[in-house]
Every structure is written in structure tokens, then in C-alpha cells.
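Asks: my questions are about this predicted structure, shown below with the sequence.
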Amino acid sequence: MNVDLESLAEATSGAIGSLLSTTILYPLDTCKTKYQAEARSHGLQKYKNLSDVLWEAVSTRQLLSLYQGLGTKNLQSFISQFIYFYGYSYFKRLYLEKSGNKSIGTSANLIIAAAAGACTAIATQPLDTAASRMQTSAFGKSKGLLKTLTEGNWSNAFDGLSISLLLTTNPAIQYTVFDQLKHRVLTNKPNKDDKRKSPVALSAFMAFLIGAVSKSIATVITYPAIRCKVIIQAADQDESTSGTKVKSQKTLSSVLYGIWKSEGILGFFKGLHAQILKTVLSSALLLMIKEKISATTWLLEEEASIHCG
């Protein structure tokens, strides 16, 4: 059985990048998720600003609780990014081989990215749901992964799956924009190696910048669905601050109606700034680390082949 080493290298570098970026930005992610999950009722809400979540952790001496669910989130992040990058790289190579084209168009790239995203969502949804529930539980009262997953019916572990599948358009848009911008940058970058055409890597700054731009575009377009997903996944938690029975909101249509009724149209974008800040930094760090790991891996492989030859 032949192993696609290039796809494997892409998957590994993407997963490691995801693991590091998730860990670095996790406190911000926890604050963002708790802020998004709160539904306003009769004009009342516990968190008026993102900083209120941080202040609650500080005032109750629960700073370490900002990391509740980190292990689960890292596991989910590592597995999901590995599956995504492997699938994305593999499907891309397969498409080029079958079609005979030298490059992938925008439409084909979107379809390939969406297919990889769908596989990822189905495989990691229980971990994603568990991580969200652990983050949105009261500070200091987060339950372990096994207990969180086994609460209620097994189907509850797949809460938000339909929205996760819908949100495959997010990374599809993100990585399509990233690849197109990367291609334009590298096309204008001279190749100093006349003997071998190496996979020229972006500089750390350029990878960070392009990653930030691509993720910002994807986040703004898909944000209403992102917030609905957070509310659905946090529905089983005992959150009485809003005065509403959020746990009854299990479908996308009911969540959309609930947000519209209690918060108006702006409610669909509550926490957008926090989402952009977190996801842009996370994605930019991920792609920057991935580019550096990929470049280092290629250099090591070249040195090994030279010595062996």
C-alpha cells in the first residue's frame, strides 16, 4: 500500500500548527465562546462585553478555568486539522492527476475544500461539541470528556452537525483565498535555485498576513451560522443567566428565530469582533507554523536524499 507522503507531510504540519495556535489562544477562545453562547432575554445579559467574561474569571479567582476543556479542544483540533489537510492535499493531487490540469480553478478548489471539511466535521463532531460544552459551563464546574459525552443521548454528541457541515464553506473560502494569494505572491518571487524547483515557502510575516485576510473574509460571511452552532452545542449546560430555556433550541431554525426575537438582526453578529480576533490570529498562526514546518521538512528530505545519493 503506497502512502501519499506529500499529503501526510501537509496533514502533519497542519495538525501541529493547529495544536500550537489552539493552546496559545485558548483563554481568548473560552471568553469568546461563553460570550457568544449567552442569549439575551428582555434586554438582560450577563456579559455585555467580551472583557466581562475575563473579569468574571479574575474576580472569582478562576483564571485557570479559562483553560477548561483545553485537552479536548487540542485533541479535536489536532485530529480535525490532520484529516482536513490530508484530505485537502490528497483530493487536490487526485484532481490534478485525473484532470491533467496544471492548476486548480476556484470552483474546483471550493468543492475539494468542502469535501475535506465535510469528512472532518463528521469525524470530529463529538469532540467539538464536548469542547464547547466544557468551555461554556460555569467556571470551575467543567466536567471531563467522557462524562460530557455520555450525558443524555448519544445523538446529543452530534449537536450542531448540520451547521458544521454548512460551515465547511468557511475553510473552503479561507483556503481558496489563501492558496490564490499565496500563488500570486510566489509567482512574483524569483527562484534562486536553478537546478531544482523547490516548493518555495512564504515568509512568516507574509503567511501570517495572508492567513489573516483569508480567515477574515470567511468569518464575516459565515458568522451567523457560527453563533447558532455555539448556542446549540451549549444548550445542555445549566446557563440560567439569560432566563431563557436555551436547551430547547436544538435546530438551526429555532435558534435563528430565538436570536431574531430577543436580539434583533444585530444579534446574528454578536461577538463577531471576538470571533474575528480569535480565528484570524489562530488561522494566521496555524498557517504560518504550517508553512515553516513544511519548508523545514522539505529541506530535511533534500539533505537526506543528497546524503543517500
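Replies: Good, I have the coordinates.
Asks: residues contacting Lys290?
Replies: By CB atoms under 8 Å, 6 or more residues apart in numbering, the contact list for Lys290 reads Glu10, Ser13, Gly14, Ile16, Gly17, Phe85, Ala207. Just so you know, the C-beta spots here come from the backbone N, C-alpha and C atoms, and that holds for glycine as well.
Asks: repeat that for Ala113.
Replies: Going by CB under 8 Å, 6+ apart, Ala113 touches Tyr88, Thr168, Pro171, Ala172, Tyr175, Thr176.
Asks: not counting its neighbours along the chain, what's nearest it?
Replies: Sequence neighbours aside, Ala172 is the residue nearest to Ala113 in space, at 3.7 Å (criterion: CB to CB, 6 or more residues apart in numbering).
Asks: could you measure from that neighbour over to Thr106?
Replies: Computed with CB to CB, to the nearest Å, the distance linking Ala172 and Thr106 is 10 Å.
Asks: and those two? Which one has more around it.
Replies: Between Ala172 and Thr106, Ala172 has the larger neighbour count (other CB atoms under 10 Å), namely 23 against 11.
Asks: so that one touches Ala108, yeah?
Replies: No: using CB atoms under 8 Å, Ala172 makes no contact with Ala108, being 11.2 Å away.
Asks: quick check: phi and psi on Lys46?
Replies: With angles defined as degrees, to the nearest 10, Lys46 sits at phi -80, psi -40.
Asks: and what of Gln68?
Replies: In terms of degrees, to the nearest 10, the main-chain angles of Gln68 are phi -70, psi 130.
Asks: now it: how far from Ser164?
Replies: From Gln68 across to Ser164, the span is 22 Å (CB to CB).
Asks: what of Leu50?
Replies: Using CB to CB, Leu50 is found at 24 Å from Ser164.
Asks: kindly report the same for Gln62.
Replies: Note on Gln62: its distance to Ser164, by CB to CB, is 29 Å.
Asks: is Thr148 in a helix, a strand, or coil?
Replies: Look at Thr148: counting by DSSP: H, G, I helix; E, B strand; the rest coil, its state is helix.
Asks: return the distance of the spatially closest residue to Thr22 that is not a sequence neighbour relative to Ala131.
Replies: Of all residues not flanking Thr22 in the chain, Ser77 sits nearest, at 4.5 Å (CB to CB, 6+ apart). Going from Ser77 to Ala131 by CB to CB gives 9 Å.
Asks: Phe139: neighbour count?
Replies: Around Phe139 there are 18 residues (other CB under 10 Å).
Asks: give me the element the closest residue to Ile24 other than its chain neighbours is part of.
Replies: Among residues not flanking Ile24 along the chain, Leu285 sits closest, at 6.7 Å (CB to CB, 6+ apart). Element membership for Leu285 (DSSP states H and E) is helix 272-308.
Asks: what do you get for Ala57?
Replies: Ala57 belongs to helix 50-59 when elements are defined using DSSP H and E.
Asks: hey, C-alpha coordinates of that helix in CSV?
Replies: C-alpha atoms of helix 50-59 as CSV (Å, rounded to 0.1, in the frame of the first residue of the first chain):
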residue,chain,number,x,y,z
LEU,A,50,-16.0,40.2,25.9
SER,A,51,-13.9,41.6,28.7
ASP,A,52,-16.7,40.8,31.2
VAL,A,53,-16.0,37.1,30.8
LEU,A,54,-12.4,37.7,31.7
TRP,A,55,-13.2,39.9,34.6
GLU,A,56,-15.5,37.1,36.0
ALA,A,57,-12.7,34.7,35.9
VAL,A,58,-10.4,37.2,37.6
SER,A,59,-12.9,38.3,40.3
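Asks: my read: Ala39 touches Ile231, true?
Replies: Yes: here Ala39 reaches Ile231: they are 6.5 Å apart, a contact under CB under 8 Å.
Asks: what about the closest residue in space to Ala284 that isn't next to it in sequence, how many residues close to it?
Replies: Nearest residue to Ala284 in three dimensions, chain neighbours excluded: Gly211, at 3.7 Å (CB to CB, 6+ apart). Gly211: 28 surrounding residues under other CB under 10 Å.
Asks: thank you, goodbye.
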